[in-house]
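Q: Here is my input, please return the structure:
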Amino acid sequence: MGEDVAPVTSPAPDASRLSPPALTAALRAMEPRPSAMLLHRLVEGRPLEACAAFYGVSVEAFSVLLLRAGVALAREVGLPAREPAGEDEESAWARMLSEALAREDARFPAALVPVVEPCRRLREVGAEVAAGMEAAAREDAASPHRRREDWLRRLAVAALLALTAYLYLSRPEEPPRRPRPPVHTTPDQR
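A: Numbering: from 1, shown residues only. I've put the predicted structure just below:
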């Protein structure tokens, strides 16, 4: 009964075989800003400089943010990605990720493989992922849940407008203004 039994774990998925629907689902499950950064850079294929300018940060800062988004994507698809150990490693990994996305023969450490592979795959199937994201957005906009939320928002706005009108119309009358006393001027002040 005291036998050591290794826990059963499922193998990590092969990033090169990630389907566009799986990547779409992962992007939709992520936080909005990292997901949008991956969409702009990898799915839409915008240059690094244009993405950095769009977000109002330097190229180096955008590279770090893209690395963090890549780590989040890797974790979302089930790959064993780890955070960089410190700021130096993070900036080095950000540079290596940028190179790996620019050149297929770029070298990078084994710890960065779980981040680079899904990012490259996302770039490869970008058109299908973009179509999947658009379809999901249309489906979300047409869902009964979304329509109910829209009606509840409209109802809340109407209630606030009605309350504002009631409070404005039921305010007490202001007392009449008193006339100002005339200012006496002496002949020297004229």
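Q: Show me where this structure has its helices.
A: 20-29, 32-38, 48-55, 59-76, 87-102, 113-124, 126-142, 144-169 (DSSP state H).
Q: Could you say which one of the ones you listed comes nearest to residue 175?
A: Residue 175 sits nearest to helix 144-169 of all these, at 18.1 Å, using CB to CB. Every C-beta, even on glycine, is put in place using the N, C-alpha and C of the backbone.
Q: Run the angle between that closest one and helix 126-142 for me.
A: Going by axes from the mean of the first three to the mean of the last three CA atoms, to 10 degrees, helix 144-169 is angled at 50 degrees with respect to helix 126-142.
Q: And helix 144-169, what does it pack against?
A: Under the contact criterion of 3 or more CB pairs under 8 Å, 6 or more residues apart in numbering; DSSP states H and E, helix 144-169 touches no helix or strand at all.
Q: pLDDT of that helix, averaged?
A: Looking at helix 144-169 alone, the average pLDDT works out to 92.
Q: Also stretch 30-50?
A: 93.
Q: What of stretch 100-116?
A: pLDDT averaged over stretch 100-116 gives 89.
Q: ok, and for it, which residues are buried?
A: Across stretch 100-116, burial judged by 16 or more other CB atoms under 10 Å covers 100-101, 108, 112-116.
Q: Over to stretch 29-36?
A: 30, 34-36.
Q: for stretch 53-60, same thing?
A: So, applying 16+ other CB under 10 Å, stretch 53-60 has no buried residues.
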